[in-house]
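# Can you look at this prediction? I've put the sequence above it.
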Amino acid sequence: MDLNEFKEEIRASLLHDLAVSEVRTTGATLKEALRLASGELDLPLKRIQFDVIQKGSKGVLGIGKKEWVIVAYPGGEEAKQSEGEGNVAADGLIDAETGLPVDQDGIAIVKCINENVTLCVRPPKGSGAPATYEQVVEKLAKRGVGAFDEAAVKRALKLKENKEIKIGTFVYNPLSDGTLWMEISTDEMEASVGIRHPKAGGRDFIYTEIYQFILSYDIKFGIQKEVIRELAENPVYDKLFVIARGEKAKHGANGYVEYKFDTNKDKAVFNEDDIRINFKAAFNIANVKEGDVLAVYHEPTKGIEGHTVHNRILKAYDGKETQIQVGENVRLSEDKKQAVSLIDGQALLQDGAVSVLPVYYVNGSLSIKTGGNIDFIGSVVINGDVEDGYVVKASKGIQIHGSIGKSEVVSGGDIVVLNGIQTKGEGVVRAGGSVISKFIGNSIVFAEDRVVVSDGIVNSQVNCGGKIICYGKRARIHGGQLRAANSIIAKEIGTAAGTETVLEVGVNPESRERFNFLDNKIKENSKQIENYDLNIAAFEKMIKTKGSLTEEREAAYEDMKTQRDALLEENRVMTDEFIALREEIQSAKGSGEISVENIVYPNVKININTAEYTVRNELKWVTFFREGPMIKMREYSVNKEDLK
């Protein structure tokens, strides 16, 4: 393409761009006139600029009533975006929410082109102030124009026709022209143009010159033509304005599975308002019927490629496929887009797969009348008590609507007891999740997660890998030993009689027990290894002095070496685990708190990760925490999140 062809192409493009349509509309209100203009131009309000030809008036008692008359044309959206980013302020801006004009002062635009000096007066918008004669004179002085048609200036200011009129001439000096400069962001997603202020005798740039300058930098995509047009019509000097924007690549969304049941295993335990235990929430399970749709697959979407301002393609990635994983008692539909239950039961998400497990119900208390011990793969619901002497085991959750007596209750999930746990030291309650109960008395309880009690924990051994929360109107911890990896929160701890109550936090109780076991076992093995070494040394001395051992002694010698080597290997393995646990315990120093809202009685023993403290005097409203090797106290403080 030669230079003439290039110029012709640019000219044709500009003629097309400049063919801006406009409409004249009338309405009882400005909003109505704008709405009609929006319909006729087929553009949203935010993309419309307008000039007010006649302001409406309600008149007095209907006399003198005038309608609003406006001339509207496209171009508002780009101008508004530009203004928000420091670009050229555009005429006729519309508030996108109210549809009303934004307040804007009138503008007097002075330009020097082709030895002519022109003036264009834009009327104010909203409550803006009109342009003044003094502003025009000031701008003319900056351009070195001393002689001008004062009458023409005053007429333009009065009419506010928003049209360029000639008000004088100037002596053109090419050396005084302003200059254009371009900045392109490093990621090529924005291109900005600025105009250096021309000196006296310099001329302004026209649209085609600015446009050609932009094209000379190989800007091809996202050109903001309205901004360029405004920059040419109303030059703002020594500032950069974004005139082209790239478009980021939009990566496709991955396919995903929408589950039609609650997959959250952690049910709310406390009401937000008064922090009371909500057993109804704890008892809620995802019951489903045969034929219920449990999950729906949503396919991935395609990516949409992006473009830099140089029209370099930015690759977009399509979303990735996935699929519904199904487990027990669930089938996939033929198109593999739905998971459907095959039985009535409890819907669960296990290791990413949708399963339905049957729920074992006991209608009433577990007794001779209702059946024997329970060992069930799934969940168990007992609508009564677990009487003395029974064993209840479930791979999932256990819900008991009464109390637990001298029985063994073991669950791979949560154990929720509506009344209380009173095994009288002859039973045990062990949960792979949390234990939630109204009361725990004279019992041994283990939970890998939390223990939550509303009334009290009395003379019990409670161990958990999370928090022990004893919080309610009658909540208290009296006697026993409570150990939690995280924290203990209670209303009252200890008794006025000084019953020994031991609280430990900061280390997982199971880790602590394993650590102590390994410590003792390694020491025990080491003593046995020493004995073996002495005996083996004695046998080896015999061999050195006598040359050989009897057959019986030889067998004993070899047996001792084998057993010693086995103990050495056992100690090596246990030492590795011991060191790892020791590091875990040491790293937990400083963690763990014990918070008491009301009273802590004397003879309560506090242990926070090996640091110990015995309460000597009655304390109130206190939180115990560890700082360095010491246990310290501060004012009671518990976040609601700590109670969840």
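Ah, there it is.

# Skip ahead from the helix or strand of the chain with the lowest mean pLDDT and say which helix or strand is next.
Ranking every helix and strand in the chain by mean pLDDT, DSSP states H and E puts helix 76-84 at the bottom, with a mean of 39. Later in the chain than helix 76-84, the nearest helix or strand by DSSP states H and E is strand 107-113.

# how much space between residue 440 and residue 390?
18 Å (Cβ to Cβ, to the nearest Å). Heads up, the C-betas are built off the backbone N, CA and C, glycines and all.

# what comes up buried for the helix or strand hosting residue 138?
Using DSSP H and E, residue 138 maps to helix 133-142. For helix 133-142, the neighbour count (16 or more other Cβ atoms under 10 Å) marks 135, 136, 137, 139, 140 as buried.

# The fourth one and residue 237: what is the separation?
So the one you mean is residue 139. Going from residue 139 to residue 237 by Cβ to Cβ gives 11 Å.

# that older thread, now, which of the buried residues of helix 133-142 sits nearest residue 152?
The shortest gap between residue 152 and any of those belongs to residue 136, at 10.4 Å (Cβ to Cβ).

# what's the nearest residue to that closest one if we skip its chain neighbours?
residue 108 (4.8 Å; Cβ to Cβ, 6 or more residues apart in numbering).

# Show me what the helix holding residue 138 is packed against.
If you count contacts as 3 or more Cβ pairs under 8 Å, 6 or more residues apart in numbering; DSSP states H and E, helix 133-142 packs onto strand 107-113, helix 150-159.

# pLDDT of it, averaged?
Mean pLDDT, computed over helix 133-142, is 90.

# pull the CA atoms of that helix into PDB?
Presented in PDB, the C-alpha positions along helix 133-142 are these (Å, rounded to 0.1, in the frame of the first residue of the first chain):
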ATOM      1  CA  TYR A 133     -15.600  36.100  28.800                       C
ATOM      2  CA  GLU A 134     -12.600  36.400  31.100                       C
ATOM      3  CA  GLN A 135     -11.800  32.700  30.700                       C
ATOM      4  CA  VAL A 136     -11.900  33.200  26.900                       C
ATOM      5  CA  VAL A 137      -9.500  36.200  27.100                       C
ATOM      6  CA  GLU A 138      -7.100  34.200  29.300                       C
ATOM      7  CA  LYS A 139      -7.000  31.300  26.900                       C
ATOM      8  CA  LEU A 140      -6.400  33.600  23.900                       C
ATOM      9  CA  ALA A 141      -3.600  35.300  25.800                       C
ATOM     10  CA  LYS A 142      -1.900  31.900  26.400                       C
END
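
# what angle do it and strand 107-113 make?
Comparing the axes of helix 133-142 and strand 107-113 via axes from the mean of the first three to the mean of the last three Cα atoms, to 10 degrees yields an angle of 30 degrees.

# circling back: so residue 440 and residue 390 - more neighbours on which side?
residue 440 (31 against 23; other Cβ atoms under 10 Å).

# distance of the more buried one from residue 483?
14 Å.

# What of residue 360?
32 Å.

# Looking at those two, which one has more neighbours?
Using other Cβ under 10 Å as the criterion, residue 360 and residue 483 rank with residue 483 on top: 24 against 19.

# Let me see the contact set for that one.
By Cβ atoms under 8 Å, 6 or more residues apart in numbering, the contact list for residue 483 reads 462, 463, 464, 503, 504, 505, 509, 512.

# Residue 445 is in contact with the first one, correct?
The reference is to residue 462. Yes - Residue 462 sits in contact with residue 445 when judged by Cβ atoms under 8 Å, with a separation of 4.8 Å.

# doesn't residue 520 fall inside a helix?
Yes - applying DSSP: H, G, I helix; E, B strand; the rest coil, one finds residue 520 inside a helix.

# Now for it, how many residues are close by?
The number of residues near residue 520, taken as other Cβ under 10 Å, comes to 10.

# Pass me the low-pLDDT residue ranges in the stretch 251-400 of the chain, would you?
Regions of the stretch 251-400 of the chain meeting the criterion pLDDT under 70 cover residues 265-285.

# How about the secondary structure of the spatially closest residue to residue 349 that is not a sequence neighbour?
Leaving aside its sequence neighbours, residue 349 sits nearest to residue 263 (Cβ to Cβ, 6+ apart; 4.4 Å). Assigned with three-state DSSP, residue 263 falls in the coil class.

# For residue 336, see how far away residue 263 is.
From residue 263 to residue 336 the distance is 20 Å (Cβ to Cβ).

# Quick check: chain neighbours aside, which residue is closest to residue 147?
residue 168 (6.0 Å).

# cool, and residue 165?
In space, residue 165 is closest to residue 156, 5.5 Å off (Cβ to Cβ, 6+ apart).

# so the one you found touches residue 119, yeah?
Yes - Residue 156 lies in contact with residue 119 (Cβ under 8 Å); the separation is 5.2 Å.

# which residues are common contacts for these two?
Common neighbours of residue 156 and residue 119 (Cβ under 8 Å, 6+ apart) are 165, 167.

# Helices of the protein, start to end?
For the chain, the helices defined by DSSP state H occupy 3-17, 30-41, 76-84, 133-142, 150-159, 207-216, 225-233, 279-283, 509-546, 551-587.

# Show me what counts as buried in the longest one.
Looking back up the chat, that one is helix 509-546. 509, 511, 512, 515, 518, 522, 525, 529, 532, 536, 539.

# Turn the residues you listed into JSON lines, columns for pLDDT.
Converted to JSON lines, these look like this (pLDDT from 0 to 100):
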{"residue": "509", "pLDDT": "66"}
{"residue": "511", "pLDDT": "73"}
{"residue": "512", "pLDDT": "73"}
{"residue": "515", "pLDDT": "82"}
{"residue": "518", "pLDDT": "91"}
{"residue": "522", "pLDDT": "92"}
{"residue": "525", "pLDDT": "92"}
{"residue": "529", "pLDDT": "93"}
{"residue": "532", "pLDDT": "91"}
{"residue": "536", "pLDDT": "91"}
{"residue": "539", "pLDDT": "89"}
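
# any idea which of those residues is the one closest to residue 202?
residue 511 (80.8 Å).

# what about the closest one, distance to residue 448?
12 Å.

# before we move on, what about residue 212?
73 Å.

# the more surrounded of the two?
Set residue 212 next to residue 448 and count neighbours by other Cβ under 10 Å: residue 448 wins out with 19 against 15.

# Now the more buried one. Nearest residue, chain neighbours left out?
Counting by Cβ to Cβ, 6+ apart, the residue nearest residue 448 is residue 465, at 4.8 Å.

# For that neighbour, give me the pLDDT.
For residue 465, the predicted pLDDT is 88.

# Isn't it up against residue 446?
No - when contacts are counted by Cβ under 8 Å, residue 465 is not listed as touching residue 446 (9.1 Å).

# coming back round to it: before we move on, what's the pLDDT of the residue nearest to residue 165?
Residue 156 is assigned 86 on the pLDDT scale.

# Tell me, how many residues neighbour it?
24.

# residue contacts, it?
119, 120, 121, 165, 167.

# ditto for residue 479
Counting by Cβ under 8 Å, 6+ apart, residue 479 has contacts 458, 459, 460, 495, 499, 500, 501.

# Residue 187 now?
246, 308.

# and the gap between it and residue 245?
Residue 187 is 11 Å from residue 245, by Cβ to Cβ.
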